[in-house]
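K.L.:
coordinates for the following, if possible.
(one chain, ligands or ions: 1)
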Amino acid sequence: MSFRIRKAVFPVAGLGTRFLPATKTVPKEMLPVVDKPLIQYAVDEAIEAGCDTLVFVTNRYKHSVADYFDKAYELEQKLEKAGKTELLAVIREVLPRHVRAVFVTQAEALGLGHAVLCARPVIGDEPFAVLLPDDLIWNGRSGSGGPGALKQMAELAERENASVIAVQDVPREQTGSYGIVETIDFSGRHGAIAAIVEKPRPEVAPSTLGVVGRYVLSGRIFDILEKTRPGAGGEIQLTDGIAALLKEERALAYRFEGRRFDCGSRIGLVEATIQFALDHDDLADAARAYMRDALSR
Ligand code: UTP
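P.N.:
Modelled structure (predicted):
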């Protein structure tokens, strides 16, 4: 079986409680970093990695995600009439023509593993990617930076014919906030995963390599998730599914090149906003001047 990925799953049916009250009406994935919602950064990364079918796992409160990727006829007509061709291109590029978006519903937030399972009818049994949009991964300025994290992972998965899971080093006192992997033969940026556990306490964590929201997974995971019982937090955990997958297939942990912003937390969103403001030619000077001024007060 080839590990070439064409399809990507975006589980966006979580409750986003850490951003209340904003997330009462605005899904967390629609929160902007400068001028793009978080979901757009993840979508761009998936397309760069070669995906042409994007599966959004949403719930009944998240219509705005589907609206965002829909064609905005009236707006396009107005911009066209006004001769605003640059802005017109910006909204048309939200989803390139060769890419299709499919929406599936997760009726109840039963956990990330369950959300991924909801995408099964669209994915079938081929390898696929999972991207959690609240993990925003930056690999240098857009245009002049290196490849996105998922592209790096897709190349490794194809080369090694194996599932690949993104990891980063985390402080030991924070292992309880991550899936943690134990690896063997780690060399360069990757190693085979020997074990994976969800949110272990620091004293029992097998390492400090924390899982980040990017995965290239074998289609075999679906049969396994069907049978996975609720784990940590009473949720059907993707981590538990991957732990079971390891008994049948090889999976690699990959320490990606780039910096991850945890935009599921308020400080992560603030940090990402600062970083991306510094990346915009038309904002960088003003952002820098403001920060200098604010810090000197
Ligand atoms: P989080 O653990 O960040 O949960 O989910 P959350 O509900 O989005 O946010 P908080 O913690 O309440 O602030 C990780 C990812 O899994 C998705 C979320 O949308 C997010 O992308 N998810 C989680 C689902 O799609 N369905 C679920 O049942 C649970």
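
K.L.:
for the rest of this, base every contact and every neighbour count on C-alpha atoms.
P.N.:
OK.

K.L.:
got the residues of the stretch 1-150 of the chain near the ligand?
P.N.:
11-18, 109-112, 115, 132-133 (Cα under 6 Å from any ligand atom).

K.L.:
contacts for stretch 129-144 next, please.
P.N.:
Stretch 129-144 is contacted by residues 5, 7-12, 28-29, 38-39, 41-42, 46, 116, 145-149, 212-217, 257-264, 272, 279 when judged by Cα atoms under 8 Å, 6 or more residues apart in numbering.

K.L.:
same question but for stretch 31-43, I mixed them up
P.N.:
Residues contacting stretch 31-43 (Cα under 8 Å, 6+ apart): 28-30, 54, 94, 131-134, 136, 269, 272-273, 276-277.

K.L.:
got the CA positions of that stretch in CSV?
P.N.:
The C-alpha coordinates for stretch 31-43 follow below in CSV (Å, rounded to 0.1, in the frame of the first residue of the first chain):
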residue,chain,number,x,y,z
LEU,A,31,-10.8,33.1,15.3
PRO,A,32,-8.4,35.2,13.2
VAL,A,33,-4.7,35.4,13.4
VAL,A,34,-4.2,38.8,11.7
ASP,A,35,-6.5,38.5,8.7
LYS,A,36,-7.1,34.8,8.2
PRO,A,37,-9.1,32.4,10.4
LEU,A,38,-7.2,29.5,12.0
ILE,A,39,-8.9,27.0,9.7
GLN,A,40,-7.4,28.7,6.6
TYR,A,41,-3.8,28.2,7.8
ALA,A,42,-4.5,24.5,8.3
VAL,A,43,-6.3,24.2,4.9
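
K.L.:
where does the protein dip in pLDDT?
P.N.:
In the predicted model, the chain carries pLDDT under 70 at residues 1, 142-143.

K.L.:
how about the helices in it?
P.N.:
38-48, 63-69, 73-81, 85-92, 112-117, 120-123, 149-160, 221-227, 238-245, 266-279, 284-296 (DSSP state H).

K.L.:
quick check: bridge partners of Ile137?
P.N.:
Arg260 (DSSP bridges).

K.L.:
residues near it, how many?
P.N.:
Ile137 has 25 neighbouring residues, counting by other Cα atoms under 10 Å.

K.L.:
do Pro147 as well
P.N.:
Pro147, neighbours per other Cα under 10 Å, totals 19.

K.L.:
dump the residue contacts of it.
P.N.:
Asn139.

K.L.:
now which of the residues of the stretch 1-150 of the chain next to the ligand would you call buried?
P.N.:
For those, a neighbour count by 16 or more other Cα atoms under 10 Å gives the buried set as 11-14, 16, 109-112, 115, 132-133.

K.L.:
how about the residues you listed in CSV, adding distance to Gln168?
P.N.:
Listed next are these as CSV, based on distance: Cα to Cα, whole Å:
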residue, distance to Gln168
Pro11, 21
Val12, 22
Ala13, 24
Gly14, 23
Gly16, 23
Ala109, 26
Leu110, 26
Gly111, 22
Leu112, 19
Ala115, 23
Leu132, 15
Pro133, 17
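
K.L.:
now the two most distant members of those residues.
P.N.:
Spatial extent of those (Cα to Cα) is set by the pair Leu110 and Pro133 at 18.3 Å.
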